[in-house]
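Asker: only geometry, no sequence info:
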């Protein structure tokens, strides 16, 4: 069985591996994957040297994960484009559960019963749901998909007792401070004691959206803090990193 995992990096100082999945059911024009398909925390020389190695089979993924665990991995982050488009994701989580903390980054548009059940049973798992906007019209215009399934699946995750955090990108002119506040208020009213991660936009050339100013970022944080706990990931992952895959030493089928 093939997974859709095409890239794996390991952060030595924080003992965290990043498994990146190909494919997405959204078409967000500001997506950082439009800048590079690889882990954007890597240095420019490493990025320029990478070549596609194909998707890892489930067996090859298990070999990689087990080797990383033996080397001290404490956390596995499942992200990239959109992990939930991979039908092998429940099996991936099942293998990681109990071996490491698991963090699933998702837009929450697709949540199968099998995946929800796996997440419910995984005591070391947490899900980070990226909310693009609560404006239903803008959501459909920019992602190509309706908002309602996202909100429905957020409720399903919370009701199932899955540890769930939330993230949104501050985009002036699309999801500005007022939009972030609206998301925070929604979470307070529908989730309760929620955590919202606010990420400033990394601009993609040709889209017309700019990076928010420090004043706009402070405004968004202050507005959101009225309703939820706020975290910031704007500074990136402070750790040495190495590329684990693509590598010709691994079985790809």
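Answerer: Happy to help now that I have it. Everything numeric here is computed off the predicted structure, so don't read it as measured data.

Asker: now for the chain, the helix or strand with the poorest mean pLDDT.
Answerer: Scoring the helices and strands of the chain by mean pLDDT, DSSP states H and E places helix 44-49 at the bottom, with a mean of 89.

Asker: run the chain-centre distance for the following helix or strand past that one.
Answerer: Per DSSP states H and E, the first helix or strand lying C-terminal to helix 44-49 is helix 58-70. Computed by Cα atoms, centre = their mean, to the nearest Å, the chain-centroid distance of helix 58-70 equals 21 Å.

Asker: helices or strands next to helix 58-70 in the packing?
Answerer: strand 5-11, strand 16-21, helix 89-96, strand 241-245 (3 or more Cβ pairs under 8 Å, 6 or more residues apart in numbering; DSSP states H and E). Glycine gets a C-beta too; all of them are placed from N, C-alpha and C.

Asker: can I get these in JSON lines with mean pLDDT and distance to residue 187?
Answerer: As requested, the helices and strands packed on helix 58-70 are exported to JSON lines (pLDDT from 0 to 100; distance: least, Cβ to Cβ, whole Å):
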{"stretch": "strand 5-11", "mean pLDDT": "97", "distance to residue 187": "28"}
{"stretch": "strand 16-21", "mean pLDDT": "98", "distance to residue 187": "26"}
{"stretch": "helix 89-96", "mean pLDDT": "99", "distance to residue 187": "24"}
{"stretch": "strand 241-245", "mean pLDDT": "94", "distance to residue 187": "31"}
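
Asker: turn the ones you listed into JSON lines, columns for mean neighbour count.
Answerer: Output for the helices and strands packed on helix 58-70, formatted as JSON lines (neighbours: other Cβ atoms under 10 Å):
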{"stretch": "strand 5-11", "mean neighbour count": "23"}
{"stretch": "strand 16-21", "mean neighbour count": "23"}
{"stretch": "helix 89-96", "mean neighbour count": "20"}
{"stretch": "strand 241-245", "mean neighbour count": "18"}
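
Asker: so which of those comes closest to residue 81?
Answerer: Checking those against residue 81 by Cβ to Cβ gives strand 16-21 as the closest, at 6.0 Å.

Asker: for the closest one, packing partners?
Answerer: With contacts defined as 3+ Cβ pairs under 8 Å, 6+ apart, the packing partners of strand 16-21 are strand 5-11, helix 58-70, strand 75-80.
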